[in-house]
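Novice: okay, here's the prediction I keep looking at, along with the sequence it came from:
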Amino acid sequence: MPFNKILVANRGEIAIRVMRACREMGIRTVAVYSTADADSMHVKYADEAVCIGPSDKSKSYLSLSNIISAADITNAEAIHPGTGFLAEAPHFAEACRDHGITFIGPTPENIEMMGDKARARQVMDKAGISPIPGSKGILRNEKEAIKLARKLGYPVVVKSAAGGGGIGIREAYNDAGLLNAFQLVQSEAKSAFGRSEVYIEKLIERAKHIEFQILADKYGNVVCLGERDCSVQRRKQKLIEETPCLMLNPKIREDIIKSLIKAIRNIKYTNVGTVEFLMDPEGKSYFMEMNTRIQVEHTITEEVTGLDLLKEQIRLSAGERLTLRQNDIQLNGHAIECRINAEDPDKKFMPSPGMIDDFHAPGGIGVRLDTHIYRGYKIPPFYDSLIAKLITHGKNRDEAISRMKRALDEIIISGIKTTIPFHKKILEDERFLRGEVYVNFLNSFSMSE
């Protein structure tokens with residue numbers, strides 16, 4: 001057993017997911033929660049629970065000192081950050097290390113290196129992974145940005161060097177648009193991440209968003225668990241993910257995996273990570289960024305590999321060697337995930353917090369539901385709107401889609417609005433069924449069609 005007790009510094013379905021892995025490993029868990037989450041399922045599920053502050057996330061889930069104190073008083077040996085909040089904060093990982101607590105994730109140095117997207121482009125380029133054509137580093141001013149944009153050719157994308165989650169990304173189609181985007185991204189980035197540095201990339205139109213899951217130990221062993229197609233997005237937020245990518249042929253997949261394993265070794269990265277690419281219509285892939293944490297959509301990789309990524313992550317953080325080698329990785333069948341949010345798709349995806357009047361989970365072969373909701377649970381208005389992840393697995397894509405349609409018909413969540421009708425509509429779209437989905441797909445998608 002790698003640890004005796006782990007504190008989970010997150011909430012919602014990901015907190016439950018981590019705790020389930022811990023329970024199967026014989027590890028006790030500590031939940032932390034805000035006053036708004038006193039009745040949340042993760043609080044009930046954990047072996048111990050500590051209130052760390054009010055509903056304001058800056059005073060609870062983002063309070064480094066409160067979380068460290070909770071770990072100290074419960075004698076937790078390790079902290080799992082889940083996804084979001086402090087999951088990619090190098091100062092949090094460093095604080096854990098300073099207090100003699102294991103941070104379940106990459107090293108602070110890894111997080112800092114890859115968290116700066118402009119620097120990550122340089123690092124991966126040097127390691128042999130070509131980035132999207134764009135800045136060599138941070139842009140000093142608008143004049144420099146315009147000069148580079150003209151050289152690249154419009155359209156371009158202005159991006160924040162820090163953060164993630166689709167924040168701080170703006171497209172520009174001419175000089176005037178670039179000036180506006182440059183200032184907006186600087187402002188958004190400063191507000192969200194405390195940093196205003198930006199860089200630009202060539203906009204790849206009709207691109208697919210593909211990400212590769214990696215595992216790496218402290219001894220130089222690296223494996224890649226295949227790719228996920230995350231092209232169904234709304235405002236840079238993923239809504240449906242699937243694996244494998246229908247338009248990625250085995251030769252391209254093999255070449256990317258070989259290059260990735262070499263690059264991850266070169267940069268001395270450890271633990272779990274996801275390397276994200278954009279693939280152009282000609283099939284050429286370009287490095288976009290790296291997420292130094294477990295991803296929301298890790299579930300579909302688990303379904304096709306049969307591996308528990310949370311258990312693997314915990315073992316890696318305990319310093320254990322990977323027992324897997326690349327030849328051991330077999331991708332079986334096809335898996336799809338629908339992110340179900342408490343939002344009203346008929347009202348521009350307005351958040352829909354409130355009481356769950358009725359809840360029924362779908363079942364049957366090849367169906368999985370990761371959620372923290374239950375009948376009588378009141379969804380608070382203060383946090384991310386994700387309330388459930390519905391995953392289906394089949395022997396091929398058609399079977400996975402058929403199972404997802406069935407599962408979406410079976411699931412009942414009443415009392416609030418959800419994105420379930422939106423998912424049903426997408427799964428009937430001929431373009432989706434053909435696999436001809438790109439990151440701008442939803443720009444031409446309508447619920448009223």
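Specialist: Yep, that arrived. In this text, all values refer to a predicted model and were calculated from it rather than measured experimentally. Numbers count the residues shown, from 1 in each chain.
Novice: quick one: residues contacting Ile6.
Specialist: 18, 22, 27-30, 76-80, 104, 314 (C-beta atoms under 8 Å, 6 or more residues apart in numbering). The C-beta positions use only the backbone N, C-alpha and C, and glycine is treated the same way.
Novice: need those residues in CSV (columns: pLDDT, distance to Asn332 and neighbour count).
Specialist: As requested, those are exported to CSV (pLDDT from 0 to 100; distance: C-beta to C-beta, whole Å; neighbours: other C-beta atoms under 10 Å):
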residue, pLDDT, distance to Asn332, neighbour count
Val18, 98, 25, 29
Cys22, 98, 26, 26
Ile27, 98, 28, 21
Arg28, 98, 33, 19
Thr29, 98, 30, 24
Val30, 98, 35, 23
Ala76, 98, 36, 27
Glu77, 98, 35, 17
Ala78, 98, 31, 22
Ile79, 98, 33, 29
His80, 98, 27, 30
Ile104, 98, 27, 31
Ile314, 98, 24, 24
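Novice: and of the residues you listed, the nearest to Glu343?
Specialist: Proximity of the contacts of Ile6 to Glu343 (C-beta to C-beta) peaks at Val18, which lies at 24.6 Å.
Novice: any idea of the pLDDT on Glu449?
Specialist: pLDDT recorded at Glu449 is 50.
Novice: got the CA coordinates for the strand or helix carrying Lys159 in PDB?
Specialist: When elements are assigned from DSSP states H and E, Lys159 belongs to strand 156-160. Output of strand 156-160 as PDB, limited to C-alpha atoms (Å, rounded to 0.1, in the frame of the first residue of the first chain):
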ATOM      1  CA  VAL A 156      -4.000  33.800 -35.900                       C
ATOM      2  CA  VAL A 157      -4.800  33.000 -32.300                       C
ATOM      3  CA  VAL A 158      -3.700  35.100 -29.300                       C
ATOM      4  CA  LYS A 159      -3.200  33.000 -26.200                       C
ATOM      5  CA  SER A 160      -2.300  33.500 -22.600                       C
END
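Novice: after that strand comes which helix or strand?
Specialist: Using DSSP H and E, the helix or strand that follows strand 156-160 in sequence is strand 169-172.
Novice: what comes up buried for that following strand?
Specialist: Buried residues in strand 169-172, counted by 16 or more other C-beta atoms under 10 Å: Ile169, Arg170, Ala172.
Novice: about what we covered before: so which of the contacts of Ile6 sit within strands?
Specialist: Using DSSP state E, the members of the contacts of Ile6 that fall in strands are Arg28, Thr29, Val30, Ala78, Ile79, His80.
Novice: quick one, what contacts the closest residue to Thr371 other than its chain neighbours?
Specialist: Among residues not flanking Thr371 along the chain, Ala388 sits closest, at 3.7 Å (C-beta to C-beta, 6 or more residues apart in numbering). Residues in contact with Ala388 (C-beta under 8 Å, 6+ apart) are Glu13, Ile340, Leu369, Asp370, Thr371, Ile373, Ile411, Ile413.
Novice: related to what we said a few turns ago, with pLDDT and distance to Met290 added, can I get the buried residues of strand 169-172 in CSV?
Specialist: CSV is the format used below for the buried residues of strand 169-172 (pLDDT from 0 to 100; distance: C-beta to C-beta, whole Å):
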residue, pLDDT, distance to Met290
Ile169, 90, 16
Arg170, 92, 21
Ala172, 94, 24
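Novice: which stretches of the protein form helices?
Specialist: Here the chain has its helices, by DSSP state H, at 12-25, 41-45, 64-74, 90-98, 108-115, 117-126, 142-152, 175-193, 250-266, 298-305, 309-317, 397-410, 420-426, 430-434.
Novice: longest strand anywhere in the chain?
Specialist: strand 222-234.
Novice: gap between that strand and the chain center?
Specialist: The chain centre lies 10 Å from the centre of strand 222-234; the measure is C-alpha atoms, centre = their mean, to the nearest Å.
Novice: put the alpha carbons of that strand into PDB.
Specialist: Taking C-alpha atoms only, strand 222-234 is exported to PDB below (Å, rounded to 0.1, in the frame of the first residue of the first chain):
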ATOM      1  CA  VAL A 222       7.400   6.100 -20.100                       C
ATOM      2  CA  VAL A 223       4.300   4.600 -21.700                       C
ATOM      3  CA  CYS A 224       1.600   6.200 -23.900                       C
ATOM      4  CA  LEU A 225      -1.900   5.000 -23.600                       C
ATOM      5  CA  GLY A 226      -3.100   6.200 -27.000                       C
ATOM      6  CA  GLU A 227      -5.100   9.300 -28.000                       C
ATOM      7  CA  ARG A 228      -8.400  11.000 -27.300                       C
ATOM      8  CA  ASP A 229     -10.400  13.000 -29.800                       C
ATOM      9  CA  CYS A 230     -11.700  16.100 -28.000                       C
ATOM     10  CA  SER A 231     -12.900  18.100 -31.000                       C
ATOM     11  CA  VAL A 232     -16.500  18.600 -29.800                       C
ATOM     12  CA  GLN A 233     -16.100  21.800 -28.000                       C
ATOM     13  CA  ARG A 234     -18.000  24.900 -27.000                       C
END
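Novice: quick one: strands adjacent to it?
Specialist: If you go by DSSP bridges, strand 222-234 pairs up with strand 208-216 (antiparallel), strand 237-243 (antiparallel).
Novice: quick one, domains of this protein?
Specialist: Domain ranges of the chain: 5-104, 133-202, 208-444, per automatic domain parsing.
Novice: which of the ones you listed comes out lowest on mean pLDDT?
Specialist: domain 133-202 (a mean of 89).
Novice: about what we covered before: what angle do the longest strand of the chain and helix 309-317 make?
Specialist: 140 degrees (axes from the mean of the first three to the mean of the last three C-alpha atoms, to 10 degrees).
Novice: so Ala335 versus Leu246, what's the distance?
Specialist: Separation of Ala335 from Leu246 (C-beta to C-beta, to the nearest Å) stands at 13 Å.
Novice: more neighbours: those two, which one.
Specialist: Taking neighbours as other C-beta atoms under 10 Å, Ala335 and Leu246 compare with Ala335 leading, 29 against 14.
Novice: now do the contacts for the more buried one.
Specialist: By C-beta under 8 Å, 6+ apart, the residues touching Ala335 are Glu242, Thr243, Thr299, Ile300, Thr301, Glu303, Val304, Ile391, Thr392, His393, Gly394, Ala400.
Novice: got these as JSON lines, with neighbour count columns?
Specialist: Formatted as JSON lines, the contacts of Ala335 follow (neighbours: other C-beta atoms under 10 Å):
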{"residue": "Glu242", "neighbour count": "28"}
{"residue": "Thr243", "neighbour count": "31"}
{"residue": "Thr299", "neighbour count": "22"}
{"residue": "Ile300", "neighbour count": "27"}
{"residue": "Thr301", "neighbour count": "24"}
{"residue": "Glu303", "neighbour count": "24"}
{"residue": "Val304", "neighbour count": "22"}
{"residue": "Ile391", "neighbour count": "23"}
{"residue": "Thr392", "neighbour count": "29"}
{"residue": "His393", "neighbour count": "23"}
{"residue": "Gly394", "neighbour count": "19"}
{"residue": "Ala400", "neighbour count": "24"}
